[in-house]
Every structure is written in structure tokens, then in C-alpha cells.
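Peer 1: can't give you the sequence, but here's the structure:
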């Protein structure tokens, strides 16, 4: 099938509340990398009170605790339909606060536990130290095998069961500053603390997400046309193991 005949649907969850540190750049990257290949993009922003339709790829960004509290109950009301979408192969990418809500819960300091939607087997508790700085992650599912980004969080995320990390931290703190892991993945669900934005400087990861979303829609793997990513890779490589 020619890429010019392909379509992909992308949903941005709660952009009015969860959109810190340039997270919107991830949506721009996904859309542009599709358009540059002639892939039609059906895009929808979903805010509080909106229905959630079936999409191939869902993105949710990060936010402060107040905004995360506003989103948590609303997102939880869609837990069953989003879980069904996960099990049908839909792709999910969550950054920071959105990542935390993909797990079972986030426990803030001196406040009620915020329910997550359990798309992955993980949980988060508030820590006393803020992790800030550049991060480099070594993965076992990408080529090249590095991810780079910028973390700014105090939440401590712990993975369980069949949920795997995105990779091992070589620079930075990652999920909790203890186990050496950064991010999480289960089925086609991915979570990470990497802002920056993440996808502009990690084009191989962006393309993997697009490929998985196309496979969900069309039922088979589709090889993407290569793009001229010289600038993206110069940026990526300049940040590998660069301390803050």
C-alpha cells in the first residue's frame, strides 16, 4: 500500500491542562512526519467533557499537580474504553504527569490518591527531591539504541509485572533515581518523564509510534519512507550523556 493512500488518527488528550515543557512538540512531530510522507492525519483534541472516540494513537502530556488532579477523574471515567483500545493495538504515549496516570495511581503528599487507568502495571508516589536535567536512556528495542530528553519531576514511579522500562539510564535519574530505569512500556503503551520535546530529537522513536499506529489500523506492518533527519540526529547526538 502506498503511503499516499494511508491515513492515521491521532488524539491529543487534555491539551488545555497537560501541556508543560513543550509537550505539544510531540504532536507537531507526529503530524509533520506523517504529512511529509503523504500520510493523511485525522487529528482531534480531547478536553474535559468531551467524548473519546477510537483512535490509532493517543498522546497525553505533563502538568502541575493541580492540573493533574483535574484530569485524573475525567480520564478515569474513560478507563474501560481506553483499555479496550489498548488491547486492540492502539498506541499510547504519556509524558510525565500523563505517564503517571497510565499506571494504577499517583499518591501526592498529604492528599488523596489520584486514580490512574492501569494501562500499565506501575504506580507513582510523590518524592521529596526534584529530578531536573538531561537524560540519556539506552534501550533494547530501538536502532540507534538511545533516547534523549529532559526530566523535571519529583514523582517516583515503580514498574511491576509485565511492564518493562523504556531503557536503562546512563545520564539522569529516570523513574525514581534508584533502580536505573526510565519510562515504561507494555503492549503499545509507552510512558516517560522525558520532556524537551521528546519526539523532535528522537525521530526513530516517533517513527516507531507511527508504524505501530498504522499497523493497528491496517493489520500489517508498513515500512515508512526514510526522511532527511540530519538536523534531528545532530541534535540527538549532541545531547547523549550530556549532563545538565
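Peer 2: Cool, got the structure. Source: prediction; values computed, not measured.
Peer 1: So what are the sheet partners of the lengthiest strand in the chain and their directions?
Peer 2: In the chain, assigned by DSSP state E, the strand with the most residues is strand 122-138. In the sheet, strand 122-138 lines up against strand 105-107 (parallel), strand 146-159 (antiparallel), strand 167-171 (antiparallel) (DSSP bridges).
Peer 1: which parts of the longest helix belonging to the chain are buried?
Peer 2: With secondary structure taken from DSSP state H, the chain has its longest helix at helix 203-218. Residues 203-210, 212-217 are the ones in helix 203-218 that count as buried (16 or more other CB atoms under 10 Å). C-betas here are computed from N, CA, C, even on glycine.
Peer 1: Tabulate the residues you listed (JSON lines), appending distance to residue 197.
Peer 2: Formatted as JSON lines, the buried residues of helix 203-218 follow (distance: CB to CB, whole Å):
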{"residue": "203", "distance to residue 197": "12"}
{"residue": "204", "distance to residue 197": "15"}
{"residue": "205", "distance to residue 197": "11"}
{"residue": "206", "distance to residue 197": "10"}
{"residue": "207", "distance to residue 197": "15"}
{"residue": "208", "distance to residue 197": "16"}
{"residue": "209", "distance to residue 197": "13"}
{"residue": "210", "distance to residue 197": "15"}
{"residue": "212", "distance to residue 197": "19"}
{"residue": "213", "distance to residue 197": "18"}
{"residue": "214", "distance to residue 197": "22"}
{"residue": "215", "distance to residue 197": "24"}
{"residue": "216", "distance to residue 197": "23"}
{"residue": "217", "distance to residue 197": "24"}
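Peer 1: would you list those in TSV and tack on pLDDT?
Peer 2: TSV is the format used below for those (pLDDT from 0 to 100):
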residue	pLDDT
203	98
204	98
205	98
206	98
207	98
208	98
209	98
210	98
212	98
213	98
214	98
215	98
216	97
217	97
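Peer 1: What is the helix or strand of the chain at the bottom of the mean pLDDT ranking packed up against?
Peer 2: Lowest on mean pLDDT, DSSP states H and E among the helices and strands of the chain sits helix 65-76, with a mean of 89. Here helix 65-76 touches helix 97-102, strand 114-115, going by 3 or more CB pairs under 8 Å, 6 or more residues apart in numbering; DSSP states H and E.
Peer 1: Summarise which helices and strands the longest one is packed against.
Peer 2: Read it as helix 97-102. Helix 97-102 packs on strand 57-60, helix 65-76, strand 91-95, strand 146-159, strand 189-192, going by 3+ CB pairs under 8 Å, 6+ apart.
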